[in-house]
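Engineer: okay, predicted coordinates and the sequence, questions at the end:
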Amino acid sequence: MTLPVIVGISGASGAAYGVAVLDLLSHARVPTHLVVTEAGARVLQLETEATVPEVQTRATQCWDEKEIAAPIASGTYPTTGMVVAPCSIRTLSAVACSRSSNLLERAADVTLKERRPLVLLVRETPLHAGHLRLMHDAAVAGAIIMPPVPAFYAGLESVEDLVSQTAARALEQLGIESDALRRWGSVPKQ
């Protein structure tokens with residue numbers, strides 16, 4: 001049995017990363033639990049052509065961020081791990097400080113306490129010392145900090161390729177392989 005992956009879409013720029021993660025997991029036949037925060041829904045609307053209901057159809061199970069009694073809020077519910085894509089500084093702060101004011105934050109905290117992989121695609125630049133301190137504190141707690149930095153070596157030809165490459169790298173942190181991942185040296189020079 002394949003354990004589900006929790007996918008969080010928070011209110012930072014880069015909602016396409018969360019959609020790509022869902023698509024790659026669906027292609028790999030991995031069940032998913034999706035939590036889109038209110039701010040994440042707004043960014044999704046501003047940055048993509050997809051609506052929240054359309055994105056929700058890509059997930060196995062969807063939860064409102066206020067549904068704190070969802071199974072993913074408990075460590076007794078087994079999962080492979082969690083990806084927050086994109087991860088806002090607010091969500092990073094919650095993870096770093098063990099704050100659980102909504103389901104996305106609670107699921108992230110549970111993921112860490114159960115020693116499961118938590119991948120945070122932190123979207124902010126430039127970074128000030130407070131952001132760096134939060135990243136450090138989240139990493140010390142066990143989170144994998146993975147800003148979505150493009151891989152120019154991979155012979156990618158479009159924004160969609162860049163997004164898919166980053167999403168595939170995030171899933172690799174959970175031990176999930178994807179055909180979308182182009183590895184160093186696998187693309188011949190032109």
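Structural biologist: Okay, I see it. Numbers count the residues shown, from 1 in each chain.
Engineer: flag the shaky bits of this structure, pLDDT-wise.
Structural biologist: By pLDDT under 70, the low-scoring segments of the chain are 187-190.
Engineer: put the alpha carbons of the host helix or strand of Ile6 into CSV.
Structural biologist: Element membership for Ile6 (DSSP states H and E) is strand 5-9. C-alpha atoms of strand 5-9 as CSV (Å, rounded to 0.1, in the frame of the first residue of the first chain):
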residue,chain,number,x,y,z
VAL,A,5,1.5,12.6,0.6
ILE,A,6,0.2,15.8,2.1
VAL,A,7,0.4,18.8,-0.2
GLY,A,8,0.1,22.3,1.1
ILE,A,9,-0.4,25.4,-1.0
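Engineer: got the contact list for that strand?
Structural biologist: 15, 18-19, 21-22, 25, 30-37, 40-41, 43-44, 55, 59, 72, 79-87, 91, 104, 107-108, 111, 171, 174, 176 (C-beta atoms under 8 Å, 6 or more residues apart in numbering). The way it works is simple: take the backbone N, C-alpha and C, and place the C-beta from them, glycine included.
Engineer: now, which of these lie within strands?
Structural biologist: Secondary structure from DSSP state E places 32-36, 81-87 of the contacts of strand 5-9 in strands.
Engineer: and the residues you listed, which is closest to Ala154?
Structural biologist: Closest to Ala154 out of those is Ala85 (18.4 Å), distances taken as C-beta to C-beta.
Engineer: that closest one: what's it in contact with?
Structural biologist: Applying C-beta under 8 Å, 6+ apart, the residues contacting Ala85 are 7-9, 14, 17-18, 20-21, 119, 121, 148, 167, 170.
Engineer: narrow those residues to those in helices?
Structural biologist: Among these, the members found in helices (DSSP state H) are 17-18, 20-21, 167, 170.
Engineer: among those residues, which two are most distant?
Structural biologist: Spatial extent of these (C-beta to C-beta) is set by the pair Gly18 and Ala170 at 10.0 Å.
Engineer: what is in contact with the two at once?
Structural biologist: Common neighbours of Gly18 and Ala170 (criterion: C-beta under 8 Å, 6+ apart): 83, 85.
Engineer: between these two, who's got more neighbours?
Structural biologist: Between Gly18 and Ala170, counted using other C-beta atoms under 10 Å, the more crowded position is Gly18 (31 against 27).
Engineer: is the residue lying closest to that one once chain neighbours are set aside bridged to anything, and to what?
Structural biologist: Nearest residue to Gly18, sequence neighbours excluded (C-beta to C-beta, 6 or more residues apart in numbering): Ile9, at 3.7 Å. Note on Ile9: beta-bridge partners by DSSP bridges are Val36.
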